[in-house]
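Need coordinates for the following:
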Amino acid sequence: MKPIKRVLFIVTIILLVAAFGTSAFLVVNYLKGSKDSQNRYEDLANQVSSATTVATVPTTQESTTASAETETTAPTEPKPIEEYVALYEQNNDMVGWIQIEGTKINYPVLQTPNEKDYYLKRDFDKKNSEWGAIYAWEKADINKPSDNITLFGHNMKDGSMFAALYDYDKKETWENNPLIFFNTLNEYHVYKIFAVYRTSANLGEEFYDFYQFVDAENEQQFDEFVAKCKEYASYDTGITPKYGDKLITLSTCEYTHGGGNGRLVVSAVRIA
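Numbers count the residues shown, from 1 in each chain. Okay, the predicted model is just below:
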């Protein structure tokens with residue numbers, strides 16, 4: 001082998017080994033981060049009782065959600081949510097808890113009204129994390145509440161955070177599991193999904209308004225928002241919220257819209 005070729009061969013081998021080493025390091029680092037993140041959130045979940053043990057769905061519901069039939073139980077008087085006190089003391093940015101049964105979605109919800117996207121890359125303990133935390137849009141009022149509260153969460157490859165929302169792009173998932181339990185610090189609430197859709201997160205493209213909508217100025221504005229959600233929906237749920245209903249919007253990353261800056265969105269209406 002000629003000296004030049006030999007040198008090039010050796011350099012190539014070194015680069016390949018370095019690339020392999022870097023890749024292995026990144027994989028190990030990701031797996032460790034994944035385990036640490038899931039362990040921490042499991043620990044937080046263990047500090048509270050299941051949201052669904054108190055939140056119940058009334059047997060009758062005088063609203064548009066009555067069109068979608070669901071097995072229900074009699075309502076009970078909500079108890080003080082004492083199980084959230086310890087978590088609030090650990091981080092007073094906590095404003096609630098979200099759970100979807102049968103999924104990994106079982107997390108505290110955080111909010112920083114004066115700092116946009118603070119928890120995008122920070123965990124519950126405010127430490128840097130690729131997993132971040134589930135957090136509410138800073139302009140929404142959780143306790144009032146606003147007509148629509150948008151919650152953000154990453155679409156993680158390990159299936160954590162809001163990755164499970166992707167299953168709701170299939171109507172079968174919604175038919176089997178349409179409820180979202182989203183509690184504030186002092187109230188239990190149940191929501192039912194009425195629309196699942198994909199859109200762009202680029203300003204001015206497609207249905208970007210789901211980020212912007214918080215409180216309707218009038219009935220027409222509320223109805224227009226709901227109509228847009230249903231227009232973009234992957235399937236018809238038969239549910240159309242009416243003015244006065246309270247909504248939540250769950251948003252996670254989606255890579256087929258907006259030049260890779262898309263969002264998978266799940267919208268739900270409060271039924272209890």
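
And the strand or helix carrying Ser251, what does it pack against?
Under the criterion of DSSP states H and E, Ser251 resides in strand 247-254. For strand 247-254, the packing partners by 3 or more Cβ pairs under 8 Å, 6 or more residues apart in numbering; DSSP states H and E come out as strand 148-152, strand 179-184, strand 190-200, helix 209-212, strand 262-270. In short, each C-beta sits where N, CA and C put it, glycine included.

so which of those comes closest to Ile105?
Between Ile105 and those, the shortest gap by Cβ to Cβ is with strand 179-184, which sits at 8.3 Å.

can you give me the angle that closest one makes with strand 247-254?
110 degrees (axes from the mean of the first three to the mean of the last three Cα atoms, to 10 degrees).

who does strand 179-184 touch, helix- and strand-wise?
Using 3+ Cβ pairs under 8 Å, 6+ apart: strand 179-184 touches strand 94-99, strand 190-200, strand 247-254.

Contacts made by that strand with the rest, please.
Strand 179-184 is contacted by residues 51-52, 55, 57, 70, 81, 84, 95-101, 109, 142-143, 145, 151, 188-193, 248, 250, 266, 268 when judged by Cβ atoms under 8 Å, 6 or more residues apart in numbering.

Could you report the distance from the spatially closest residue to Ile105 that is not a sequence neighbour to Ser146?
Leaving aside its chain neighbours, Ile105 sits nearest to Ala164 (5.4 Å; criterion: Cβ to Cβ, 6 or more residues apart in numbering). Taken as Cβ to Cβ, to the nearest Å, the spacing of Ala164 relative to Ser146 amounts to 24 Å.

Next: Asn186.
Using Cβ to Cβ, Asn186 is found at 17 Å from Ser146.

what about Phe210, distance to Glu224?
Distance, Phe210 to Glu224, using Cβ to Cβ: 12 Å.

can you give me the helices for the chain?
Secondary structure of the chain (DSSP state H): helices at 3-46, 85-90, 171-176, 209-212, 219-232.

Mind telling me which of these the model trusts least?
Of all the helices of the chain, helix 3-46 carries the lowest average pLDDT, namely a mean of 71.

about what we covered before: let me have the helices and strands packed on strand 179-184 in a markdown table, extended by distance to Gly238.
Shown next, in a markdown table, are the helices and strands packed on strand 179-184 (distance: least, Cβ to Cβ, whole Å):
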| stretch | distance to Gly238 |
| --- | --- |
| strand 94-99 | 24 |
| strand 190-200 | 9 |
| strand 247-254 | 16 |
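
To Glu231, which of these lies closest?
Glu231 sits nearest to strand 190-200 of all the helices and strands packed on strand 179-184, at 8.4 Å, using Cβ to Cβ.

now the angle between strand 94-99 and the closest one, please.
Using the same axes, to 10 degrees, strand 190-200 lies at 90 degrees relative to strand 94-99.

orientation of strand 190-200 relative to helix 219-232 in degrees?
Using the same axes, to 10 degrees, strand 190-200 lies at 70 degrees relative to helix 219-232.

hey, C-alpha coordinates of strand 190-200 in CSV?
Output in CSV follows, covering the C-alpha atoms of strand 190-200 (Å, rounded to 0.1, in the frame of the first residue of the first chain):
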residue,chain,number,x,y,z
VAL,A,190,-62.8,15.8,33.2
TYR,A,191,-62.6,16.7,29.5
LYS,A,192,-63.7,14.8,26.4
ILE,A,193,-61.7,14.9,23.1
PHE,A,194,-63.7,16.5,20.3
ALA,A,195,-61.0,17.0,17.6
VAL,A,196,-57.6,15.7,16.7
TYR,A,197,-55.6,17.4,13.9
ARG,A,198,-52.2,18.2,12.4
THR,A,199,-51.2,21.7,11.6
SER,A,200,-48.2,24.0,11.2
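
Looking at it now, give me its mean pLDDT.
Predicted confidence along strand 190-200 averages 96 (mean pLDDT).

Among Phe210 and Glu224, which residue is more densely surrounded?
Higher neighbour count among Phe210 and Glu224: Phe210, with 23 against 14, using other Cβ atoms under 10 Å.
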